[in-house]
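>>> here is the input, now give the coordinates:
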Amino acid sequence: MRDFFHPTGPPDLVTPCFFAVELPMALVVCFFSAFLVYATIVPYLPVLVRGLGYSHTITGILLGIFEAAGIFGPFLFGYFADKLGRYKSGLIMTYGIVFAAVIPLALFRNPWISALSLVFLAIGFRSSVPLLDAAATIRLGSTGDYGRVRMAGSVSFVLLMLILQWTPVLKPDTSGSIAVWICISTVIALVSMAFLPAAQGTPEKPPSNTGPSGSAAPGKHRLWTSFFTLGIIMIAFGRLAMAPINAFFSLYLIEVIHWDAVGLMWALSALSEIPAMFFSSRLIRRFGAPFLLALSVVGVGARLAIYVLFPTKLGISVAQLLHFFCFGLFHPAAVAFVAMCVPPERRALGMSIYLSIGTGLPSFLGNAIGGYVVEHWGYPALFSSFIIFAVLSLLMYGVMRFFSGPVSSKSPKRR
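I've put the predicted structure just below:
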């Protein structure tokens, strides 16, 4: 375990917790369990909401409300986690909120109740991973390999997707059965918190004050540097391009391709991201986080184009393999970008900015717009029109290179 997760040095032991295990394995268990929840919500929430009897437009609006609410939760939980240095309590609260919110969502077919339930579901769901990412990057330190720890989440996602695809009981094709699976996965995630230490200890201090471009980096009290701001905008455009895939791919598969393979296709995409996660730290050190983000966005644009040009089972299957870039490289590169720009004592806030402004806000806009586009012009128009946001993301990368110089494309020293 030591060489696998810390190729340049040994890991720390976790502070006392219910189960005394080494830190990397504790984080592996937590990521594995956290992404069981993801495996039930990300692919199947649109199916759950649509199954309540709402139109495409209303479904898009409700999913947009979900993403909008998810913007604010991570900031609240991240602020207190940074201030108190206790991520475990926050994670337990987020999973409890998810469990409590999904029950009325599935039981009541009223748009107001659905919207309110989705608000609380989003606050809990969207706040969990920023807290876990912050805890992992702080505790693993500069010698740890986040990608290999995070890979456990991809493995659990694939396993549960395959189970949901072929399960003979509680098949996830109704709102009620999907809600049951969300509750089961959330309980497992809650149990996994027994492996996580109660306190994260003191984060490592930045060794220097060198910024991404070789110039003086901002102090810890200055978060929104120009480089960080441009990077978040680049990430946001990339996630906006991905929005129709995350929100409408499951419905597209059922309604257009007429293929009952939601679990299988999501499992295929998650499976393709595992090698990217495994080698992500090495690639980030070699090419730099911004360059890998740009490369990932090219994969997003290609994936959208394949959906439009090759709307067949084979074409869709090939497109899902591009998740290697769309998330397998994109997410570790985005986490590394935040880690190199945000000091450890503000890491939870930095991760919240990435997953709220860089992911939640674009997803909200994409869902709200996407439902209207599908309702009036169909899925081909949806996928083809969102390629423009991938292009805008690449333009932002060009702006970063222009103002920060070629050094910014390399992995900078951690501040």
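>>> ok, Thr225 touching Cys341?
Yes. Contact criterion CB atoms under 8 Å: Thr225 and Cys341 qualify, at 6.8 Å. For every residue, glycine as well, the C-beta is placed using N, CA and C.
>>> the two: which has the busier surroundings?
Shown here are Thr225 and Cys341; by other CB atoms under 10 Å, Cys341 has more neighbours (26 against 17).
>>> need the nearest residue in space to that one, chain neighbours excluded.
Take Cys341 and drop its neighbours on the chain: the residue closest to it by CB to CB, 6 or more residues apart in numbering is Phe228, 4.3 Å away.
>>> quick check: Pro74 touching Leu132?
No. The criterion here is CB under 8 Å, and Pro74 misses it with Leu132 at 11.2 Å.
>>> which one of those two is surrounded by more residues?
Each of Pro74 and Leu132 has its neighbours counted (other CB under 10 Å); Pro74 has more, 31 against 28.
>>> burial count for the residue nearest to Cys341?
What Phe228 shows, counting by other CB under 10 Å, is a neighbour count of 21.
>>> so which helix or strand takes in it?
Taking DSSP states H and E as the definition, one finds Phe228 inside helix 226-255.
>>> report the mean per-residue pLDDT for that helix.
Mean per-residue pLDDT for helix 226-255: 92.
>>> tell me which residues in the next helix or strand after it are buried?
Downstream of helix 226-255, the first helix or strand assigned by DSSP H and E is helix 262-287. Within helix 262-287, the residues that count as buried by 16 or more other CB atoms under 10 Å are 262-274, 276-281, 283-284, 287.
>>> what is the helix or strand that comes right after helix 262-287 packed up against?
For helix 262-287, the succeeding helix or strand toward the C-terminus, using DSSP H and E, is helix 289-309. For helix 289-309, the packing partners by 3 or more CB pairs under 8 Å, 6 or more residues apart in numbering; DSSP states H and E come out as helix 226-255, helix 262-287, helix 313-321, helix 330-341, helix 379-385, helix 387-404.
>>> now the helices for the stretch 1-150 of the chain?
According to DSSP state H, counting those that start in this stretch, the stretch 1-150 of the chain carries its helices in the segments 2-5, 23-41, 45-51, 56-84, 87-107, 111-140, 146-166.
>>> quick one: the last one to helix 262-287, angle?
Helix 146-166 runs at 170 degrees relative to helix 262-287, counting by axes from the mean of the first three to the mean of the last three CA atoms, to 10 degrees.
>>> just the C-alphas of helix 146-166, formatted as CSV.
The C-alpha coordinates for helix 146-166 follow below in CSV (Å, rounded to 0.1, in the frame of the first residue of the first chain):
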residue,chain,number,x,y,z
TYR,A,146,-4.8,11.1,-5.4
GLY,A,147,-5.7,9.5,-8.7
ARG,A,148,-5.0,5.9,-7.5
VAL,A,149,-7.0,6.5,-4.3
ARG,A,150,-9.9,8.1,-6.3
MET,A,151,-9.8,5.1,-8.7
ALA,A,152,-11.6,3.1,-6.0
GLY,A,153,-14.6,5.3,-6.7
SER,A,154,-14.5,4.4,-10.3
VAL,A,155,-14.3,0.7,-9.5
SER,A,156,-17.4,0.9,-7.2
PHE,A,157,-19.3,2.9,-9.8
VAL,A,158,-18.7,0.2,-12.4
LEU,A,159,-19.6,-2.6,-10.1
LEU,A,160,-22.9,-1.1,-9.0
MET,A,161,-23.8,-0.1,-12.6
LEU,A,162,-23.4,-3.7,-13.7
ILE,A,163,-25.4,-4.9,-10.8
LEU,A,164,-28.2,-2.4,-11.6
GLN,A,165,-28.1,-3.4,-15.3
TRP,A,166,-28.8,-7.1,-14.6
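>>> ok, for Ile103, nearest residue in space, not its chain neighbours?
Ala179 (6.9 Å).
>>> residues contacting Ala334?
Applying CB atoms under 8 Å, 6 or more residues apart in numbering, we find Ala334 in contact with Ile235, Ala289, Leu293, Tyr354, Gly358.
>>> need the max-distance pair from those.
Ala289 and Gly358 (12.9 Å; CB to CB).
>>> tell me which of the two has more neighbours.
Ala289 (29 against 25).
>>> Pro244 versus the more buried one, what's the distance?
Distance from Ala289 to Pro244, counting by CB to CB, to the nearest Å: 25 Å.
>>> tell me how far Tyr372 lies from His56.
From Tyr372 to His56 the distance is 8 Å (CB to CB).
>>> try Met277
Plainly put, Met277 is 33 Å away from His56 if you go by CB to CB.
>>> same deal with Leu253?
Taking CB to CB, one finds Leu253 at 15 Å from His56.
>>> so what's Ile65 up against?
Here Ile65 is in contact with Ala115, Leu118, Val119, Ala122, Phe364 (criterion: CB under 8 Å, 6+ apart).
>>> how far away is it from Glu345?
From Ile65 to Glu345 the distance is 33 Å (CB to CB).
>>> Arg148 now?
25 Å.
>>> got any ranges where the stretch 51-200 of the chain has weak pLDDT?
For the stretch 51-200 of the chain, the stretches flagged by pLDDT under 70 are 85, 142-144, 198-200.
>>> and if you look at the stretch 201-350 of the chain?
Applying pLDDT under 70 to the stretch 201-350 of the chain flags the ranges 201-222.
>>> look up the closest residue to Val262, ignoring the ones flanking it.
Ser250 (4.8 Å).
>>> for the one you found, give its distance to Ser269.
12 Å.
>>> how close does Pro290 get to Phe337?
In terms of CB to CB, Pro290 sits 7 Å off from Phe337.
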